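Trainee: Need a 3D model of the sequence below.
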Amino acid sequence: MDHEMLGSIVLLAIVTLISVVQNAFFASKVEHESKHCNGKGFQRPGSSAFDRVYTANQNCGHTYPTFLAVLWCAGLLCSQAPAAFAGLMYLFVRQKYFVGYLGERTQSTPGHLFGKRILLFLFLMSVAGILNYYLVFFFGSDFEMHIKTITSAISPLLLIP
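Mentor: From the prediction side, this is the model:
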C-alpha cells in the first residue's frame, strides 16, 4: 500500500481499532455479569444488573455500524483529522453512556444525546465531501480547503456538552 494513501487513513484505522477494543470490553462485561449471576455460561437470568449490562451493550451495538460508516465516509470524503477526533469523542461518549446505563438509566441520557450530535457532525462532514466532489465534477469549483478549515474549526466545539 502506498505510504501516502496509508497516511490518509491511519487515524481512521486507529479509531476503528480502539472501537473494537471497546466492543470487546462491553462484551466481557456482559459475560462477567452473566457468570456472576448464575455461575453458568451466557444465559439471561433476569437479574436487574445483568439486564442493565446486556441492554447497554445491545444499545451500543445497534449504533456501531452507523458510527463506522459515517466515520470512514467523513474521513475519506472530507477530512481525516476532524473525523478521527469526532470518532474518539464518540467512543468516549459511548463509554460514558455504557457506564451511566449501569447506574441509573437517567445517567445515560447525556451520553446518548451527545453521541447523536457527534454522529450528525460526521454525517454532515460526509455530505459536505460528497457535495464538494460533485461541485468539482460538474462545475470545476473545489471547496475542499474551505470545508477542511470549517470542519477543523468546528470539531473542537463537539467538546461543549
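
Trainee: only C-alpha atoms for contact and neighbour calcs from this point on.
Mentor: Noted.

Trainee: which residues touch stretch 65-84?
Mentor: Stretch 65-84 has contacts (C-alpha atoms under 8 Å, 6 or more residues apart in numbering) with 8-9, 11-12, 15-16, 87, 119, 122-130, 144, 147-148, 151-152, 155.

Trainee: Quick check: which helices or strands does the helix or strand containing residue 137 pack against?
Mentor: Assigned by DSSP states H and E, residue 137 falls within helix 109-139. Counting contacts by 3 or more C-alpha pairs under 8 Å, 6 or more residues apart in numbering; DSSP states H and E, helix 109-139 packs against helix 48-77, helix 80-102, helix 144-154.

Trainee: can you give me phi and psi for residue 79?
Mentor: Main-chain dihedrals, residue 79, degrees, to the nearest 10: phi -150, psi 130.

Trainee: Next, count neighbours for it.
Mentor: 24 (other C-alpha atoms under 10 Å).

Trainee: State the pLDDT value of it.
Mentor: Looking at residue 79, its pLDDT stands at 90.

Trainee: Residue 64 now?
Mentor: 94.
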